[in-house]
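Enquirer: attaching a predicted model along with its sequence, questions to come.
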Amino acid sequence: MNKMQIHILYRKEFFIKAITYILVCSLLGILSMYVIKSKPLSILFLMVMIIPIPFLKLLLNIFRKKMHLQIFFDHLQILIENHKGYQTEKRIDFTDIKSYSVQFPSEKFSSIKFNLTTNKSLEYSFYNNAFSKEDIGVTELIDSVHESIKKYNRSESNKILFVPAFYATTKGLVLISSLIIFLLIGVFLYALYSSKSLPVTFIFSLILIGQLLLRRNKDFNYYKKTNTQD
């Protein structure tokens, strides 16, 4: 039995709340501009929408939680504690795991995603940097989980599959390729019918696609390396 501590971020929870906030501010801004016809009010909602950006690190801390992970031969025991001290526990039996993958969403996070036999999934995103001296390194934690599943597979007929993360799959490559094609078509049509410089949205789209390509490369290389070692 191994017992480890690390800090995690509920990325899905943070993403949903962030998108909701942006959509609400955008909608109020559009209503102010085209329905109420108040330009100052629409500018105000734009400012409200971008104000949180300088405080992004502080906002992330709100969604940061401490995880205590115990690895047993046939299951994982997880205890998660938020900044207020509220704790939740979860047991993940290896018999309930159909497959799992490791991914690297950004330079700050590494994730493990468990695909369950119930067709549901559980994903945990770990901070790459430690927040206390008790925190274990994220590489060591992921390797420990990986090794425990390998040991389990040696004694069981129903193996837990190690699969590539989404962007490292063919479907992920098709999605990224489609985004590139749509962006090129958009740039071509804009250049054909407009003499103005490219909008900022095209530049942001290009940056996003570049980040997806880097993520695919990292996810794919990790899967290939780890799968070869197995």
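Expert: The structure has been received and is ready for your questions.

Enquirer: can you show me the helices along the protein?
Expert: 11-34, 39-50, 56-62, 138-155, 170-193, 200-229 (DSSP state H).

Enquirer: tell me, which of those is the model least confident about?
Expert: Least confidently modelled of these is helix 56-62, at a mean of 77 by mean pLDDT.

Enquirer: walk me through the domains of the chain.
Expert: 1-163, 166-229 (automatic domain parsing).

Enquirer: take those and write them to TSV, including mean neighbour count.
Expert: (Glycine included, C-beta is placed from N, CA and C.) TSV is the format used below for these (neighbours: other Cβ atoms under 10 Å):
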stretch	mean neighbour count
domain 1-163	14
domain 166-229	13
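
Enquirer: between the helices of the chain, which one is closest to Phe72.
Expert: helix 138-155 (8.1 Å; Cβ to Cβ).

Enquirer: from the chain's centroid, how far away is the closest one?
Expert: Its chain's average C-alpha position is 21 Å from that of helix 138-155, according to Cα atoms, centre = their mean, to the nearest Å.

Enquirer: send me it as PDB with only the CA atoms.
Expert: Extracted in PDB, the C-alpha atoms of helix 138-155 (Å, rounded to 0.1, in the frame of the first residue of the first chain):
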ATOM      1  CA  VAL A 138       3.400  14.100 -10.300                       C
ATOM      2  CA  THR A 139       5.600  11.800 -12.300                       C
ATOM      3  CA  GLU A 140       6.100   9.500  -9.400                       C
ATOM      4  CA  LEU A 141       2.400   9.400  -8.600                       C
ATOM      5  CA  ILE A 142       1.400   8.600 -12.200                       C
ATOM      6  CA  ASP A 143       4.200   6.000 -12.400                       C
ATOM      7  CA  SER A 144       2.900   4.400  -9.200                       C
ATOM      8  CA  VAL A 145      -0.700   4.200 -10.500                       C
ATOM      9  CA  HIS A 146       0.600   2.800 -13.800                       C
ATOM     10  CA  GLU A 147       2.800   0.100 -12.000                       C
ATOM     11  CA  SER A 148       0.000  -0.900  -9.700                       C
ATOM     12  CA  ILE A 149      -2.400  -1.500 -12.700                       C
ATOM     13  CA  LYS A 150       0.400  -3.500 -14.400                       C
ATOM     14  CA  LYS A 151       0.700  -5.700 -11.400                       C
ATOM     15  CA  TYR A 152      -3.000  -6.200 -11.200                       C
ATOM     16  CA  ASN A 153      -3.200  -7.100 -14.900                       C
ATOM     17  CA  ARG A 154      -0.600  -9.900 -14.400                       C
ATOM     18  CA  SER A 155      -3.000 -11.800 -12.100                       C
END
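
Enquirer: what angle separates that helix from helix 200-229?
Expert: 50 degrees (axes from the mean of the first three to the mean of the last three Cα atoms, to 10 degrees).

Enquirer: and helix 138-155, what other elements does it pack with?
Expert: Secondary-structure packing of helix 138-155 (3 or more Cβ pairs under 8 Å, 6 or more residues apart in numbering; DSSP states H and E): strand 2-9, strand 64-71, strand 97-106, strand 109-116, strand 121-127.

Enquirer: angle of that helix against strand 2-9?
Expert: 130 degrees.
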